[in-house]
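Asks: Compute the structure for the input listed below.
(one chain, ligands or ions: 1)
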Amino acid sequence: MPNPESTCLIVQPSQDLRGTTGVPGDKSISHRAVMLAALAEGRSTVRGWLAAGDTEATLRSVQALGVRVERPAPDEIHVHGQGSLRAAAEPLDFANAGTGIRLMTGIMAGQPFASVLDGTPQLRRRPMKRIITPLTQMGADISGVEGRAPLRIQPAALRGIRYEMPVASAQVKSAVLLAGLFAKGETTVVEPGPTRDHSECMLRAAGVDVQAENGVVTLQPATGLRPLDFRVPGDFSSAAFLLVAATTAAGSELRLTGINLNPTRTGLLDALRMMGADIQVSEVGMEAGEPSGTLTVKQGPLCGIEIGGDMVVRMIDEFPALMVAALCAEGRTTVRDAGELRLKETDRLSVMTQELRRLGASIEEREGGFVIEGPQALQGADVDGHDDHRIAMSLTLAGMLAQGQTRLHDAECIADSFPGFEESLRSLGARVVAAQDE
Ligand code: S3P
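Replies: Numbers count the residues shown, from 1 in each chain. I've put the predicted structure just below:
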C-alpha cells in the first residue's frame, strides 16, 4: 500500500480541540470566479481565492486560453478578461477536477475554435455523458471516449434548450447554463431537486439575466460580462471536517469564521443539529449574492438519524465526514438516495466502508447509502486516502477518535481542496503530523 512518492499523516487520538480559525476559500465558487472573470471585459479581482490542486488547474486552463492572470498574493488573483478566449496550443488539463472540466466544457462548446479537455486517470474514469447529452442537444460537437474524457470539442452554433436534468447535479446545470451564454435564444434547466446555485449568483453579479423559481432556471445569452470584484467565502465543505472533528472529539469547542452558508450547501449543518450537535450561527453577512458567517460548535452527545431526498444533494460532499459522526452517535444512522456518491473522485460509499472497516468499524453498505449503528470504538490502523481528498480528511478524523496510532497513506490529495488541513487541525490541538510515506 505505501507509495514512497507520497505523504502520510500520522494521527494520534486527539481531544480538546479549541480555538478560532477560518478555512480556505470555497472550491465551487473559486472555479466559477476564474471562469466568469475570464469571460468578462476588464480586470476582475478575486480575494480569498482557493489556491488548491483542483482550482489551480482551472486557473492554468484559462491562462492557456490567452487570459492574463496576476497573482499579488497566493489567495488573490487579478484576471484580465478581454471578453473572448483564444485557442489553446495543448489539451486543457483539469487534473482531478470534475467541476473544472464539466463547467469548462459548457464554455468551450460555445467557442469559435476547437479544444480538448482532459485530466488525470482518475478524472478520465468519471462520467461525462451527463454533460455531453444536453450540450449536444444544444448543437455542440463534443466527442468523448465512451462518454469519458478526453473530450474533443469542435466549433458549432448553439441554440438554447429546455433541459430537464435526470440527476440533481449543479455541475450539469452549470455546464448547460454556461453554454447558454453563447447560444441563440434562452436556455432553461429544470432541476429534479435543489442543487448549489453559485453559478446563478455569480452570473447575476456579472450582469447576466438569470431567473430561478421553483427549480426552473432560465438564462438569456450574454457577451461582455461585467468584471467581478469580491471575496470568496470559506468553503463549507472544508469547514465540515472541522465541524465533525469538534462535535466528536471529547471536550472540543471551535469557532469557524468566514464560512459560506449558502443554504444549498449546508445540509450537514442541519444533519448534525438533528443528531443533537450544538452549533450556533452568527455574524452572517452577504457578498456577491453569497451568505457567510461564523459557526460555533461544541462537542456533545449525538444520536443516529435518517437522511434521504433533497437533503442528500445539500450535503453531497459531506457523507464521508458524516460517516465518522455516525460512528460516534448513539443508535442507527441510515442514508438513502445517495448513489451519486459512487461517481465522485472515488466510489465514496465503497471506499469509506472499506477503509473504516480497517479501523474496526462495522458498516452496512447499501446501493444508495449505508447504515451505521453507533457508538463504535475504533482501533488505529493503516488506511489509504485513494487519491480522494474528502476520503483522506474523513479518515484523519476517524484516526483522531481511534485508540492508538493511525497512518493515513496517500494523504497529499488533501491539497486538492484544503491545503493546510493538517496544520489547521494541529493548531486547534489535534495530534496529527505529516511524514514521508515509507
Ligand atoms: C460541485 C457540484 C457537486 C459536488 C462537487 C462540486 C460544483 O457535484 O459534488 O464537489 O461545484 O458544482 P454534482 O453537481 O455533480 O453533484
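
Asks: so what's the nearest residue to Gly110 once chain neighbours are set aside up against?
Replies: Leaving out its chain neighbours, the residue that sits closest to Gly110 by CB to CB, 6 or more residues apart in numbering is Phe182, at 2.6 Å. (Glycine included, C-beta is placed from N, CA and C.) Going by CB atoms under 8 Å, 6 or more residues apart in numbering, Phe182 touches 107, 109-111, 158, 221.

Asks: Could you rerun that using 7 Å?
Replies: If you count contacts by CB atoms under 7 Å, 6 or more residues apart in numbering, Phe182 has them with 110, 158, 221.

Asks: per-residue confidence for the second one?
Replies: pLDDT, the model's per-residue confidence, is 98 for Leu158.

Asks: pretty sure it contacts Thr136?
Replies: No: using CB atoms under 7 Å, Leu158 makes no contact with Thr136, being 10.3 Å away.

Asks: A helix includes Leu203, no?
Replies: Yes: assigned with DSSP: H, G, I helix; E, B strand; the rest coil, Leu203 falls within a helix.

Asks: now it: how far from Glu164?
Replies: Between Leu203 and Glu164 the computed distance is 20 Å (CB to CB, to the nearest Å).

Asks: more crowded one of the two?
Replies: Leu203 (26 against 11; other CB atoms under 10 Å).

Asks: these two touch, right, the more buried one and Ala212?
Replies: No: using CB under 7 Å, Leu203 is not in contact with Ala212; the gap is 10.4 Å.

Asks: Could you give me the buried positions within stretch 5-24?
Replies: 6-11, 13-14, 17, 21-24 (16 or more other CB atoms under 10 Å).

Asks: correction: stretch 111-131
Replies: Result for stretch 111-131 [16+ other CB under 10 Å]: buried residues 111, 115, 117-120, 122-123, 126, 128, 130-131.

Asks: I'd like those as a markdown table, with secondary structure appended.
Replies: Output for the buried residues of stretch 111-131, formatted as a markdown table (three-state DSSP):
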| residue | secondary structure |
| --- | --- |
| Gln111 | coil |
| Ser115 | strand |
| Leu117 | strand |
| Asp118 | strand |
| Gly119 | coil |
| Thr120 | coil |
| Gln122 | helix |
| Leu123 | helix |
| Arg126 | coil |
| Met128 | coil |
| Arg130 | helix |
| Ile131 | helix |
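
Asks: returning to that earlier point: and the buried residues of stretch 5-24, which is the shakiest by pLDDT?
Replies: Ser6 (84).

Asks: Isn't it up against Ile414?
Replies: No: between Ser6 and Ile414 there is no contact under CB under 7 Å: 11.2 Å.

Asks: For the buried residues of stretch 5-24, work out which two are farthest apart.
Replies: Ser6 and Gly22 (27.5 Å; CB to CB).

Asks: what is the mean pLDDT for stretch 296-310?
Replies: 98.

Asks: which one of the contacts of Phe182 sits closest to the ligand?
Replies: Gly110 (18.7 Å; CB to the nearest ligand atom).

Asks: hmm, who's touching stretch 388-401?
Replies: So stretch 388-401 is contacted by 9, 11, 13-14, 241, 244-245, 248-249, 317, 320-321, 323-324, 328, 345-346, 348, 351-352, 355-356, 359, 378, 380, 383, 385, 406, 408, 410-411, 413-414, 416-418, 421, 430, 432 (CB under 7 Å, 6+ apart).

Asks: For that stretch, output the C-alpha coordinates as CSV.
Replies: What follows is stretch 388-401, C-alpha atoms only, in CSV (Å, rounded to 0.1, in the frame of the first residue of the first chain):
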residue,chain,number,x,y,z
ASP,A,388,-9.6,11.4,-2.9
HIS,A,389,-9.3,14.5,-0.7
ARG,A,390,-12.5,14.0,1.2
ILE,A,391,-11.8,10.4,1.9
ALA,A,392,-8.4,11.3,3.2
MET,A,393,-9.7,14.1,5.5
SER,A,394,-12.5,11.9,6.8
LEU,A,395,-10.1,9.1,7.7
THR,A,396,-8.0,11.6,9.6
LEU,A,397,-11.0,12.4,11.8
ALA,A,398,-11.6,8.7,12.3
GLY,A,399,-8.0,8.3,13.3
MET,A,400,-8.3,11.0,15.9
LEU,A,401,-11.1,9.1,17.5
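
Asks: Pull up the residues of the stretch 151-300 of the chain that are close to the ligand.
Replies: Contact residues (CB under 6 Å from any ligand atom) of the stretch 151-300 of the chain with the ligand: 169-171, 174, 195-196.

Asks: for the stretch 201-350 of the chain, what spans make up the strands?
Replies: 210-213, 216-219, 229-231, 253-260, 278-287, 290-298, 306-307, 331-335 (DSSP state E, counting those that start in this stretch).

Asks: And those strands: which comes nearest His78?
Replies: Checked against CB to CB, the stretch from the strands of the stretch 201-350 of the chain lying closest is strand 229-231, at 10.0 Å.

Asks: Check which residues of that closest one are buried.
Replies: Here strand 229-231 shows 230-231 as buried, counting by 16+ other CB under 10 Å.
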